[in-house]
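Undergrad: Predicted coordinates and the sequence they were generated for:
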Protein chains: 2
Amino acid sequence: MPDISPASPAAVADALAERIRATGARATPARIRVLELLSAAPAPLSHQDIEAVLGADSLDRVTLYRVLDWLVESGLAVKRVDERRVWRFSLAGGGTHHGHVHFRCETCGRVFCLDTPPPRPPKLPGGFTLARAELDLSGRCAECNAGNV
Amino acid sequence: MPDISPASPAAVADALAERIRATGARATPARIRVLELLSAAPAPLSHQDIEAVLGADSLDRVTLYRVLDWLVESGLAVKRVDERRVWRFSLAGGGTHHGHVHFRCETCGRVFCLDTPPPRPPKLPGGFTLARAELDLSGRCAECNAGNV
DNA sequence: AGGGCAGATGCAACCGAGTTGCAAAAGACG
DNA sequence: CGTCTTTTGCAACTCGGTTGCATCTGCCCT
């Protein structure tokens, strides 16, 4: 059975490995897997999310933490705390997760990614440079407003 | 020795006690103390900050958590996670900490409160209702840009 | 190809913030 | 003053995250 998928998984992994080596670090399976996951994810992932996806052949808890921290340190990813006080990681910069808007429902806790473009950032005090802007909205989602709860 | 300070501490405490009773709860020393602290604080306080200020005659750790949670529940305060994943509490509503914009320096970690008004929020998908909007910016502050680090 | 070593991993134990359950103390109210 | 409810304090626990250390491995250099 020939592999005719648009971009072969192996090729993707190779590209990621290359990107990892470019930072001067070793391209290990753990890093490649995690990077793959993050690139594919539509929203920032928590440590738990990743552990759940990796499932059976999961990495050690600690290794995962270290991989994630390394990603942040090397500039490939950014981390941020969510409203429930857990770290969430997403690809940095050009990734699919570029400054869009998040909405968190205060009733059911779910997070929605709105495709609304982010507001143009206000001017900063002199000397400040902006790397990233996040608009976080919260309230009630349609479902929770629709009677239940 | 007559107390001639601008607003006598006792009077302030009484006013706060009144506000507490207005919510239907008991005006206990613990609640009054914490509420005093929060009203006086220039920035949101963490559990630890409060414990440190109370110092010697401090409340039990758990009681403090409960008082804080009660404050939030009764609408007198709001809580929010900071970049170090700890809860920070501030007086709700009319407080000094109303929907403004935060800038966090990725180099030194400090948080600046900009007085820029928050952008007007984008339209939400049908059925969603907005309760709160936060614009979080990050980058480098003037000081860190000025050569050091 | 294979050796060597810095860098990465896994394990176990640890940490600190926050939570829960329960009995004792303190307000409120008749 | 008695009783009934709310708060408090204590102890034990959960959970996300971290640290120390021994083992393993990707990668470079012959």
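TA: Right, received. Where do you want to start?

Undergrad: Up against DNA strand C, what does chain A have?
TA: Counting by C-beta under 7 Å from any atom of the strand, chain A comes close to DNA strand C at A:25-26, A:28-31, A:59-60, A:62-63, A:66-67, A:70, A:85. From N, CA and C alone the C-beta is placed, and that goes for glycine too.

Undergrad: Just among the residues you listed, which is most surrounded?
TA: If you count neighbours using other C-beta atoms under 10 Å in any protein chain shown, the busiest of the residues of chain A next to DNA strand C is A:Arg31, which has 25 neighbours.

Undergrad: Spit out the contact partners of that residue.
TA: A:Ile20, A:Ala25, A:Val67, A:Trp70, A:Leu71 (C-beta atoms under 8 Å, 6 or more residues apart in numbering or on different chains).

Undergrad: How about A:Ala92?
TA: Contacts of A:Ala92 (C-beta under 8 Å, 6+ apart): A:Gly75, A:Leu76, A:Ala77, A:Val78.

Undergrad: With secondary structure, pLDDT and neighbour count as extra columns, can I get these in CSV?
TA: Formatted as CSV, the contacts of A:Ala92 follow (DSSP: H, G, I helix; E, B strand; the rest coil; pLDDT from 0 to 100; neighbours: other C-beta atoms under 10 Å in any protein chain shown):
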residue, secondary structure, pLDDT, neighbour count
A:Gly75, coil, 86, 10
A:Leu76, coil, 89, 24
A:Ala77, strand, 90, 25
A:Val78, strand, 86, 21
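
Undergrad: Looking at these, which is nearest A:Phe112?
TA: A:Val78 (19.7 Å; C-beta to C-beta).

Undergrad: how near is that closest one to A:Ala52?
TA: The spacing between A:Val78 and A:Ala52, counted by C-beta to C-beta, to the nearest Å, is 21 Å.

Undergrad: picking that back up, if we take the contacts of A:Ala92, which one ends up nearest to chain B?
TA: Nearest to chain B among these: A:Val78, at 8.7 Å, using C-beta to the nearest C-beta.

Undergrad: Export the residues of chain A next to DNA strand C as JSON lines, with columns for secondary structure, distance to B:Ala142 and pLDDT.
TA: Shown next, in JSON lines, are those (DSSP: H, G, I helix; E, B strand; the rest coil; distance: C-beta to C-beta, whole Å; pLDDT from 0 to 100):
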{"residue": "A:Ala25", "secondary structure": "coil", "distance to B:Ala142": "32", "pLDDT": "87"}
{"residue": "A:Arg26", "secondary structure": "coil", "distance to B:Ala142": "37", "pLDDT": "91"}
{"residue": "A:Thr28", "secondary structure": "coil", "distance to B:Ala142": "39", "pLDDT": "91"}
{"residue": "A:Pro29", "secondary structure": "helix", "distance to B:Ala142": "42", "pLDDT": "90"}
{"residue": "A:Ala30", "secondary structure": "helix", "distance to B:Ala142": "39", "pLDDT": "91"}
{"residue": "A:Arg31", "secondary structure": "helix", "distance to B:Ala142": "35", "pLDDT": "93"}
{"residue": "A:Leu59", "secondary structure": "coil", "distance to B:Ala142": "40", "pLDDT": "85"}
{"residue": "A:Asp60", "secondary structure": "coil", "distance to B:Ala142": "42", "pLDDT": "91"}
{"residue": "A:Val62", "secondary structure": "helix", "distance to B:Ala142": "38", "pLDDT": "94"}
{"residue": "A:Thr63", "secondary structure": "helix", "distance to B:Ala142": "38", "pLDDT": "94"}
{"residue": "A:Arg66", "secondary structure": "helix", "distance to B:Ala142": "33", "pLDDT": "95"}
{"residue": "A:Val67", "secondary structure": "helix", "distance to B:Ala142": "34", "pLDDT": "95"}
{"residue": "A:Trp70", "secondary structure": "helix", "distance to B:Ala142": "29", "pLDDT": "94"}
{"residue": "A:Arg85", "secondary structure": "coil", "distance to B:Ala142": "30", "pLDDT": "88"}
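
Undergrad: farthest-separated two in the residues you listed?
TA: Spanning the widest gap among these are A:Arg26 and A:Arg85, at 31.9 Å by C-beta to C-beta.

Undergrad: related to what we said a few turns ago, out of the residues of chain A next to DNA strand C, who's nearest chain B?
TA: Using C-beta to the nearest C-beta, these come closest to chain B at A:Arg85, 5.1 Å.
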